[in-house]
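Participant: Please find the sequence and the predicted model below.
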Amino acid sequence: MRATLNELAADLATGRTTASQLVETSLARIADDAGEGARAFVKVHAEKARVAAGAADALRRAGLAPSRFAGIPIAVKDLFDLAGEPTSAGSVVLADAAPAPADAVAIARLKAAGFIIVGRNNMTEFAFSGLGINPHYGTPANPHDRAARRIPGGSSSGAAVCVTDGMAAAAIGSDTGGSCRIPAALCGIVGYKPTAGAVPLGGTLPLSFTLDSIGPLAASVDCCASLHAIMSGSPTGESEAARSVRGLRIAVPQSVVFDGIEPHVAATFEAALKQLADAGAHVDEIPLTEFEMAGRINAKGGFAAPEALSWHRTLLEQQPERYDQRVRARIQRAREQSAADYIDMLHMRRAYIEAVNRVISPYDALAMPTVPMIAPTIASLENDTDLFVKTNLTLLRNPSLINLMDGCSISLPIQRDGEAPVGLMLSAAGGRDAALFANARAVEAALRR
């Protein structure tokens, strides 16, 4: 089901397929023993999805479909409320929590448009890691080189795997420091992080109320743009005019983002930049030493640790042994911060946003590798705590630079067929989501030639 949402919508409109057929295909792929459905999902809504599909088909036959996407199956990360179910956020700590009284706002908007939720995706416990490893529900293996059982990336791990393997047409994740873009890059699909606040967070279990955002993982830029428009409440189809890559002004930061880059990622990224330049884009290398400020801001755990501790404090006191020990350790780093440290971070972040936006203002987009490595194996990280910590920080580094500046950002797959996935991350200042989608469409089209 790696067709785009527009392709599936066209098939539904012409009768080449039905919602019931799409849902049955989705459920069959989730259940396939040769795949990772059992680990990509913590719960499958098979019967609810079948009932919803029958209703969508009936509405379409009557000319009453709520949108052209009605009947398309998608999945949602396990930190979104779904009415009548506990929201466990990839943890056993909340397995017996009270059922949610209503759907999360973003998910309710998607359901109102007719999308069908086939299940809840597995994730890093409480979204606090970029690796995707989950000791409670298992870790879904990356679809690339599955025999080696490589990490999917996180924290939206199951979301990326289910989309890559065609278990759903798209999935909805969250992104606090790269949790949509990292798994998208490592698995070879598109992942989007909007400007924080563009999509309401109501009904979403928080990690960092300063940095959290809600974004889609899907097969194309257009897919992500359509899902974002619905979740953000934008008028359907609202976007900037289509454009060519010719004349596009792309800045490539030289500070921080290439540190420790692996040869395959470097070569693939450089080849993509050359292809864009050959197509007429203006590609400039810029120092952007302002990115070095991020290390100082995050020196004592950043915003996520204290903001997570404020939410988890009681649970950690009551049942610390039920947490993933690595997640627990990251949350408890907040105890190293004082209130003055937190206020200092707020001031430093404000200066960081102003400084970065001033430098990038002449450009249409920043371009950098989403992550500087290909996916390592699950076993290597499960068995080595030091390597786990180092790899996690490496994967989070580039994407989190954009969260910290409250920007918008998208990861596009740029590897050749059969090669390890590599992501090209395009980013812009906060509030420029529509422009970024327009530019990303142009880049995506140029790289497909």
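Facilitator: Received, thanks.
Participant: Could you measure from Leu395 over to Ile117?
Facilitator: Distance of Leu395 to Ile117, computed by C-beta to C-beta, to the nearest Å: 28 Å. Quick note: C-beta positions are derived from backbone N, CA and C, even for glycine.
Participant: what about the two, which has more around it?
Facilitator: Neighbour totals were compared for Leu395 and Ile117, and Leu395 leads with 30 against 21 (other C-beta atoms under 10 Å).
Participant: where's the closest residue to that one other than its chain neighbours, which helix or strand?
Facilitator: Among residues not flanking Leu395 along the chain, Gly130 sits closest, at 4.1 Å (C-beta to C-beta, 6 or more residues apart in numbering). Following DSSP states H and E, there is no helix or strand that holds Gly130.
Participant: what are the ranges of the helices in the stretch 251-400 of the chain?
Facilitator: Taking DSSP state H, counting those that start in this stretch as the test, the helices found in the stretch 251-400 of the chain are 263-278, 293-297, 304-318, 325-332, 339-360, 378-382, 385-404.
Participant: Export these as CSV, with columns for distance to His144 and mean pLDDT.
Facilitator: CSV is the format used below for the helices of the stretch 251-400 of the chain (distance: least, C-beta to C-beta, whole Å; pLDDT from 0 to 100):
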stretch, distance to His144, mean pLDDT
helix 263-278, 12, 98
helix 293-297, 29, 97
helix 304-318, 28, 97
helix 325-332, 24, 96
helix 339-360, 32, 98
helix 378-382, 13, 97
helix 385-404, 15, 98
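Participant: Throw these into CSV and include distance to Asp78, thanks.
Facilitator: CSV is the format used below for the helices of the stretch 251-400 of the chain (distance: least, C-beta to C-beta, whole Å):
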stretch, distance to Asp78
helix 263-278, 29
helix 293-297, 29
helix 304-318, 16
helix 325-332, 14
helix 339-360, 28
helix 378-382, 19
helix 385-404, 20
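Participant: Go through the ones you listed and pick out the most buried.
Facilitator: Burial of those is given as mean neighbour count (mean count of other C-beta atoms under 10 Å); helix 385-404 ranks first at a mean of 21.
Participant: helix or strand right after that helix?
Facilitator: Where DSSP H and E defines the elements, the next helix or strand beyond helix 385-404 is strand 408-413.
Participant: avg pLDDT for the helix or strand harbouring Arg441?
Facilitator: Using DSSP H and E, Arg441 maps to helix 433-448. For helix 433-448, mean pLDDT rounds to 96.
Participant: Can you tell me which residue is spatially central in this protein?
Facilitator: A centroid search over the chain (C-alpha atoms, centre = their mean) returns Cys180, at 1.1 Å, as the residue closest to the centre.
Participant: which residues does that residue contact?
Facilitator: When contacts are counted by C-beta atoms under 8 Å, 6 or more residues apart in numbering, Cys180 touches 156, 159, 173-174, 191-193, 215-217, 411.
Participant: so how far is Glu419 from the residue nearest to Leu395?
Facilitator: Gly130 is 22 Å from Glu419, by C-beta to C-beta.
Participant: same deal with Cys223?
Facilitator: Relative to Glu419, and taking C-beta to C-beta, Cys223 is found at 22 Å.
Participant: ok, these two, which is more surrounded?
Facilitator: Cys223 (25 against 14).
Participant: hmm, who's touching the helix or strand harbouring that one?
Facilitator: Applying DSSP H and E as the criterion places Cys223 in helix 221-232. Helix 221-232 is contacted from outside by 4-6, 67, 69, 106, 109-110, 113, 169-170, 172, 190-192, 194, 198-199, 214-218, 234-239, 410, 412, 433, 437, 440-441, 444, using C-beta under 8 Å, 6+ apart.
Participant: Mark which of those residues are buried, thanks.
Facilitator: Among those, those scoring as buried are 4-5, 67, 69, 106, 109-110, 113, 169-170, 172, 190-192, 194, 198-199, 214-218, 234, 239, 410, 412, 433, 437, 440-441, 444 (criterion: 16 or more other C-beta atoms under 10 Å).
Participant: among those, which are in helices?
Facilitator: Under the assignment DSSP state H, these contribute 5, 106, 109-110, 433, 437, 440-441, 444 to helices.
Participant: Out of those, the closest to Thr139 would be?
Facilitator: Set against Thr139, the nearest of those by C-beta to C-beta is Ala106 (25.4 Å).
Participant: residue contacts, the closest one?
Facilitator: The contact partners of Ala106, by C-beta under 8 Å, 6+ apart, come to 80, 172, 199-200, 203-204, 214, 231.
Participant: Please report the distance of it from Ile230.
Facilitator: 8 Å.
Participant: got it, and Ile360?
Facilitator: Counting by C-beta to C-beta - Ile360 and Ile230 are separated by 28 Å.
Participant: about what we covered before: possible to save the contacts of Cys180 as CSV with distance to Leu316?
Facilitator: Output for the contacts of Cys180, formatted as CSV (distance: C-beta to C-beta, whole Å):
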residue, distance to Leu316
Ser156, 24
Ala159, 26
Gly173, 25
Ser174, 21
Gly191, 30
Tyr192, 32
Lys193, 28
Gly215, 28
Pro216, 31
Leu217, 30
Ser411, 32
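Participant: my read: Pro200 touches Asp103, true?
Facilitator: No: with contact defined as C-beta atoms under 8 Å, Pro200 and Asp103 do not form a contacting pair (11.7 Å).
Participant: Compare neighbour counts for the two and give me the winner.
Facilitator: Asp103 (22 against 16).
Participant: per-residue confidence at the more buried one?
Facilitator: For Asp103, the pLDDT comes out at 98.
Participant: now swap in the one 4 residues further on and tell me
Facilitator: Ile107 is assigned 98 on the pLDDT scale.
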